[in-house]
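*Asks:* with the sequence up front, the predicted model follows.
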Amino acid sequence: MLALALVSSFAFASDPMRCGSKLISEGDSIHEVLQYCGEPAEKSGTFILRRPRYEIGGQEYSFPGE
């Protein structure tokens with residue numbers, strides 16, 4: 001029974017989030033989220049650096065170098 005309670009307490013990405021009296025759901029615009037919740041206290045991002053690529057005749061090539 002305890003395991004069932006723990007599993008049901010996990011939030012999934014599609015579950016709505018509450019900001020004050022408003023519910024924010026997947027698909028809501030950034031403008032709506034900022035309007036209801038305000039600016040976030042912290043922002044972070046992830047970047048993947050990749051070499052530029054080009055395609056000729058359906059064949060993909062990478063630019064030489066690092």
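*Replies:* Here it is on my side, so go on. Residues are numbered from 1 along each chain as shown.

*Asks:* the closest residue to V33 other than its chain neighbours and R18, how far apart?
*Replies:* Beyond its immediate neighbours in the sequence, the residue positioned closest to V33 (Cβ to Cβ, 6 or more residues apart in numbering) is I24, lying 5.5 Å away. In short, each C-beta sits where N, CA and C put it, glycine included. Noted for I24: a distance of 7 Å to R18, by Cβ to Cβ, to the nearest Å.

*Asks:* who has more neighbours out of the two?
*Replies:* Residue environment comparison for I24 versus R18 gives the larger neighbour count to I24, 14 against 10, counting by other Cβ atoms under 10 Å.

*Asks:* for that one, phi and psi?
*Replies:* phi -110, psi 130 (degrees, to the nearest 10).

*Asks:* please apply the same query to R53.
*Replies:* R53 adopts backbone torsions of phi -130, psi 160, taken as degrees, to the nearest 10.

*Asks:* report how many residues lie close to it.
*Replies:* Around R53 there are 9 other residues, counting by other Cβ under 10 Å.
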